[in-house]
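Provide a 3D model corresponding to the input given below.
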Amino acid sequence: MRELLLQGLNELGLDTSRVETLEHFSSLLLEKNEVMNLTAITEPDAVAQLHLLDSAALLQFVDLKGKKVVDVGTGAGFPGMPLRILEDDFDLTLLDSLGKRVHWLSEVCDTLHLTRVSCVHARAEEFAMQHREQFDIATSRAVAQLSILSELCLPLIKVGGQFIAMKSIDTEDEITAAKSAIKTLGGRIVKVEDYKIPTSDVVHRLVLIEKVSPTPRAYPRAFAKIKKAPL
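Next comes the predicted model:
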């Protein structure tokens, strides 16, 4: 794992001094995964590539320094935790609806001595109602459709901020279908960027959405309505 991480971080032009912390995070993840469903990827080199380096690749496309960042539906901490480990000059909120995961992430942050991290147990749509337009950047590697993710994430972002959705390739139809929702919510797609995960042949996609106007107060709706009738 270490050699893969070193190679991958070098490919990304990132500081390699945090490799041990990334390894430690991976070991804590795989240990906890034996008793809690955190990841289906359990081979250490695959964790390095498909979780850690995939998350780290975001740093090619966005400057987090000095920003307030929320990772919506963070799950086991992706992409938020690797971003925090590799770049410590920003405020990070890890948001997830499952309390057990959030409690574990909080423990991990203490174990790894990570600062400026808030681990929040809440549903995204309820959190958004309380924290409207308070963040510079929202990230999400959740599997929901982009139109649904946009309704959960764009209300959280200040005008001028960004929502960065991590997607698989072959999502052209999904992106096209979400454009109307994104416009309604005050956003605009500024770039769709395919990138190769360092040290692998796997290609993933980022959808970078800029917040260009305030989100109407009617959004986000209750999740049952979002899911039943996506914008």
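
for the protein, which helix is longest?
helix 19-33 (DSSP state H).

if you average pLDDT over the helix or strand following it, what comes out?
Following helix 19-33 in sequence order, the next helix or strand is helix 44-47 (DSSP states H and E). The average pLDDT for helix 44-47 rounds to 95.

If we go by neighbour counts, what in helix 44-47 is buried?
V47 (16 or more other C-beta atoms under 10 Å). C-beta here means a position set from N, CA and C on the backbone, and glycine is covered the same way.

Likewise for stretch 201-215?
Quick answer for stretch 201-215 (16+ other C-beta under 10 Å): H204, R205, L206, V207, L208, I209, E210, K211, T215.

which outside residues touch the helix or strand containing the first one?
In this structure, H204 sits in strand 203-211 according to DSSP H and E. The contact list for strand 203-211, computed with C-beta atoms under 8 Å, 6 or more residues apart in numbering, reads 54, 57-58, 61-62, 133, 146, 150, 154, 157-169, 171, 175, 182, 186-197.

could you list every residue that touches L94?
D71, T74, G77, G80, M81, V102, L105, V117, S118, C119, V120.

How many residues are close by the fourth one?
By other C-beta atoms under 10 Å, the residues close to G80 number 27.

ok, now which ones touch it?
S55, V69, D71, T74, L92, L94, V117, T139.

pLDDT value on the fourth one, please?
On the pLDDT scale, T74 is placed at 97.

my read: it touches L95, true?
Yes. Proximity of T74 to L95 meets the contact threshold set by C-beta atoms under 8 Å, at 6.1 Å.

hang on, T115 is in a helix, isn't it?
No. Counting by DSSP: H, G, I helix; E, B strand; the rest coil, T115 is not found in a helix; it is coil.

before we move on, back to that, what residues does the helix or strand following the strand holding H204 touch?
Going down the chain from strand 203-211, the next helix or strand is helix 223-228, by DSSP H and E. For helix 223-228, the external contacting residues (C-beta under 8 Å, 6+ apart) are R123, A124, E125, I148, E151, L152, P220.

and those, which of them are in helices?
Those of these lying in helices (DSSP H): A124, E125, I148, E151, L152.

how about the first one, what does it touch?
Contacts were defined as C-beta under 8 Å, 6+ apart; by that measure A124 touches V72, G73, L95, S97, L152, C153, P220, F223.

one more time with 7 Å
V72, G73, L95, L152 (C-beta atoms under 7 Å, 6 or more residues apart in numbering).

Now H103. Its backbone dihedrals?
The phi and psi values for H103, taken as degrees, to the nearest 10, are phi -60, psi -40.

Report the separation between it and V120.
Distance, H103 to V120, by C-beta to C-beta, to the nearest Å: 11 Å.

Which residue of those two possesses the greater neighbour count?
Using other C-beta under 10 Å, the more surrounded residue of H103 and V120 is V120, with 18 against 12.
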